[in-house]
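> Next one to model:
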Amino acid sequence: MNFNGKLGLQQRALPSYRVPFFDLLAERCERGMSLFAGQPRPAEMIAVGKTRIAQYAEAENVHLLNGRFYFCYQKGFIRWLEESQPDALILEANPRYLSAPAAVRWMRRRGRKVVGWGLGAPKQNAFWKQFIRQFDGMLAYSQRGADEYAALGFLREKIFVAHNSVSPAPTFNPQPSTFNLQSSTLNLHPTTLNPQPAASILFVGRLQARKRVDSLIRACAEMESKPQLVVVGEGPEKGALQKLAREVYPSTEFVGAKHGADLIPYFQHADLFVLPGTGGLAVQEAMSYGLPIIVAKGDGTQDDLVREKNGWQITPEDYGALVAALKNALTDRARLREMGKESFRIVAEEINIQRMADVFVEALNAVAK
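Sure thing, here's the model as predicted:
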């Protein structure tokens, strides 16, 4: 099923990881799709992408203040609407974006529908209740977000859960767990003299303080089985983390930034994927290689991805919880392999950009009626 119309979609910025989804969604819109987005702030270090199928119009972002007081005004919004003439508009459901209300009014005057897309309503108050009332439908990143919108009085039948995804459904079967049998090909610590090779733990992401890789290094040092820890990524904390690893856990391997095909062997070699801090887009990619997951709780998207059958969610900044989850994970290798199979099933059948596009089209057709 497709959307029988032209779609307009607004984003504050266009991160490269969203491009495959937007191009896929554009293919599902029979009259095409126009995307309106500007540039992020330099400090955010967001890699900006470029669509192939969705028509892209660049906004002029005016960034105001910072932190909890940050706002963004996007110049040229109404001009873009006049030029693209969308039949329906999807807006980021974020009150910090000051040009959105005028866009909603423009669509309303022409009898056209507006759908919000957001993480949820972090504050259950009258302001948020009034804010979400302007939308004809709401796309939530997670079930938690959907519940928050519903708690503010938004009709359940107008809320659609499009599980946040950045990866397509895998088209391959994951390799069975090898527990370091491939280590020689990756320049990892050799384990040929170990009759029962240690498990390999993988982290992929930018090396920033909020990722809590330091906690992961310390936690691995507490494990009796002494797992290999492979850290993929670059960032401002790399030097400090390497120094820490030399002091407390020399088995840590820092392999630098890897992308695309260069990253595949590390996923195939790993037995457990761990993200102890905030953020992390690599979870779904790790799951597509059949890996069980340990992840810190965040905005609700982790709730849908990581469940009891495929991993552990831990409280952010809780070092004890990280140690306990690692010990639990490493005590039963057969269970780890079964959890990895469930990870693969989740991203193959439930949470991927194809399913996400299906829900977007469903929402658009529902509000159009």
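> Might you list the low-confidence residue ranges for this protein?
For the chain, residues meeting the criterion pLDDT under 70 lie at 175-196.
> ok, now which ones touch Met107?
Leu81, Pro86, Leu89, Lys113, Val114 (CB atoms under 8 Å, 6 or more residues apart in numbering). All C-beta spots, glycine's among them, are computed from the backbone N, C-alpha and C.
> In helices, which of those residues fall?
Of the contacts of Met107, the ones assigned to helices by DSSP state H are Leu81.
> Now neighbour count too, for the contacts of Met107, in TSV please.
Shown next, in TSV, are the contacts of Met107 (neighbours: other CB atoms under 10 Å):
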residue	neighbour count
Leu81	22
Pro86	24
Leu89	25
Lys113	21
Val114	22
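> can you pull out the strands in the stretch 151-300 of the chain?
159-161, 200-204, 228-232, 252-256, 272-275, 293-296 (DSSP state E, counting those that start in this stretch).
> Looking at those strands, which is nearest to Lys75?
Closest of those to Lys75 is strand 159-161, at 30.3 Å (criterion: CB to CB).
> Show me what the closest one is packed up against.
Here strand 159-161 touches strand 137-140, helix 143-151, helix 353-368, going by 3 or more CB pairs under 8 Å, 6 or more residues apart in numbering; DSSP states H and E.
> Adding distance to Arg212, write the strands of the stretch 151-300 of the chain out as TSV.
Shown next, in TSV, are these (distance: least, CB to CB, whole Å):
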stretch	distance to Arg212
strand 159-161	28
strand 200-204	10
strand 228-232	12
strand 252-256	14
strand 272-275	9
strand 293-296	7
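> quick one, which of those strands is packed in tightest?
Of the strands of the stretch 151-300 of the chain, the one with the most neighbours on average (mean count of other CB atoms under 10 Å) is strand 272-275, at a mean of 28.
> ok, it: who's next to it in the sheet?
Strand pairing for strand 272-275, using DSSP bridges, gives strand 200-204 (parallel), strand 293-296 (parallel).
> Columns distance to Ala245 on top of the ones you listed, output as a markdown table?
Formatted as a markdown table, the strands paired with strand 272-275 follow (distance: least, CB to CB, whole Å):
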| stretch | distance to Ala245 |
| --- | --- |
| strand 200-204 | 12 |
| strand 293-296 | 19 |
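> what's the closest of the helices and strands packed on strand 159-161 to Arg52?
Nearest to Arg52 among these is helix 353-368 (14.5 Å), distances taken as CB to CB.
> So Gln10 sits against Ala88, correct?
No: under the criterion of CB atoms under 8 Å, Gln10 makes no contact with Ala88, lying 11.9 Å away.
> Identify each buried residue in stretch 103-123, please.
Buried residues in stretch 103-123, counted by 16 or more other CB atoms under 10 Å: 103-104, 106-107, 112-121.
> for the most centrally placed residue in the chain, what are its contacts?
Among the residues of the chain, the one closest to the centroid is Leu281, at 4.3 Å (CA atoms, centre = their mean). Contact analysis of Leu281 by CB under 8 Å, 6+ apart lists Tyr17, Val166.
> Return the distance of it relative to Ala57.
To Ala57, Leu281 is 25 Å away according to CB to CB, to the nearest Å.
> Alpha carbons of stretch 153-170, in CSV - could you do that?
The C-alpha trace of stretch 153-170 is given here as CSV (Å, rounded to 0.1, in the frame of the first residue of the first chain):
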residue,chain,number,x,y,z
GLY,A,153,-5.6,13.0,25.8
PHE,A,154,-4.5,12.3,22.2
LEU,A,155,-6.8,9.7,20.7
ARG,A,156,-5.2,6.2,20.7
GLU,A,157,-6.6,5.5,17.3
LYS,A,158,-4.7,8.4,15.9
ILE,A,159,-1.4,7.4,17.4
PHE,A,160,0.9,5.1,15.3
VAL,A,161,4.0,3.4,16.6
ALA,A,162,6.7,3.5,14.0
HIS,A,163,9.6,1.9,15.8
ASN,A,164,12.7,4.0,15.4
SER,A,165,14.9,2.3,12.9
VAL,A,166,18.0,3.1,10.8
SER,A,167,18.6,-0.3,9.2
PRO,A,168,16.8,-2.4,6.6
ALA,A,169,15.7,-5.9,7.4
PRO,A,170,18.7,-8.2,7.1
